[in-house]
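> Everything below, folded, please.
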Amino acid sequence: MTERYIEFLVDPAGKSPRNLQDSIRRVLNASAGFKQSWLGGDQQDAYETSQEAFEHLDYIQNELLRQRDVLKRDHAAWPTSPFNATLANTVGKILNNVTTTDCAWFLGLPPGQGGMPTGTTPTPLTLEKALNKLKHRDTSALNFSLPASGSHILYLFTNGGMGQPDSISEIDIANFCSACKSAAQHV
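Residues are numbered from 1 along each chain as shown. Have a look, this model is predicted:
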């Protein structure tokens, strides 16, 4: 079997596939399309656009986390690597130690009205943590908001596990994509 046409999966030189930058661009474009569809009342189109965006988000998080794991093997270079620094960029907020009351409140929010429980204190969410939260998200516990500022905010619930507590993440899609672009330049 020839290896000529597999670069969409793995670059033979071990670098990130060319699709990473394309997927980041597609998420940004999908965000704009989603906002237009949702605000225009076309929920079916918004749903389909969202499904396409999540395919790309899944690819992005898998690829960047895979690259992180590869680069982390060089224990001496990892702490000062540019890629590690980009993973520390803030892309939103996170609320850890979510209570069952907080979870029920979150699950009860109507679509498009995503948010953080009142009276809680979220902390900054780094790109690395956002990638992990996307990877382990509860696919039935997602929401979003489209603030008047024009931004697109994704909210997701992640069940605890592996020593991690339940959490709700708030990801600004534009900030997330910008941070992913920066990270992709160092792989």
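> Pull the contacting residues for T158.
By CB atoms under 8 Å, 6 or more residues apart in numbering, T158 lies in contact with K133, H136, R137, D138, Q164, D166, S167, I168, S169. The way it works is simple: take the backbone N, C-alpha and C, and place the C-beta from them, glycine included.
> Excluding chain neighbours, what is closest to the third one?
Leaving out its chain neighbours, the residue that sits closest to R137 by CB to CB, 6 or more residues apart in numbering is L156, at 4.4 Å.
> In terms of helices and strands, where is the one you found?
strand 153-158 (DSSP states H and E).
> So, low pLDDT: which residues of the protein?
1-18 (pLDDT under 70).
> how about the strands of it, start to end?
With strands called from DSSP state E, the chain shows them at 90-96, 123-126, 137-145, 153-158, 167-172.
> okay if I get these as TSV plus distance to A53?
What follows is the strands of the chain, written out as TSV (distance: least, CB to CB, whole Å):
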stretch	distance to A53
strand 90-96	15
strand 123-126	19
strand 137-145	11
strand 153-158	9
strand 167-172	12
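> Mind checking those for the one nearest to I24?
I24 sits nearest to strand 90-96 of all the strands of the chain, at 12.5 Å, using CB to CB.
> Can you tell me the strand partners of the closest one and which way each runs?
Strand pairing for strand 90-96, determined by DSSP bridges: strand 123-126 (antiparallel), strand 167-172 (antiparallel).
> so which of the ones you listed is the most packed in?
Mean neighbour count (mean count of other CB atoms under 10 Å) peaks for strand 167-172 among these, with a mean of 23.
> Run the chain-centre distance for that strand.
Centroid separation for strand 167-172 versus its chain: 9 Å, with CA atoms, centre = their mean, to the nearest Å.
> the longest helix in the protein is where?
When the chain is parsed with DSSP state H, its longest helix is helix 43-72.
> name the helices or strands packed onto it?
With contacts taken as 3 or more CB pairs under 8 Å, 6 or more residues apart in numbering; DSSP states H and E, helix 43-72 sits against helix 19-39, helix 82-87, helix 127-135, helix 173-184.
> could I get the ones you listed as TSV with distance to T120 and mean neighbour count?
Below are the helices and strands packed on helix 43-72 laid out as TSV (distance: least, CB to CB, whole Å; neighbours: other CB atoms under 10 Å):
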stretch	distance to T120	mean neighbour count
helix 19-39	26	18
helix 82-87	25	18
helix 127-135	16	21
helix 173-184	21	21
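> out of the ones you listed, nearest to A76?
Of the helices and strands packed on helix 43-72, nearest to A76 by CB to CB is helix 82-87, at 12.2 Å.
> What lies in contact with that closest one?
So helix 82-87 is contacted by 64, 67-68, 71, 78, 126-128, 131, 179, 182-183, 185-187 (CB under 8 Å, 6+ apart).
> let's go with 6 Å and repeat that
Contacts to helix 82-87, defined as CB atoms under 6 Å, 6 or more residues apart in numbering, come from residues L71, W78, L127, E128, S182, A183, H186.
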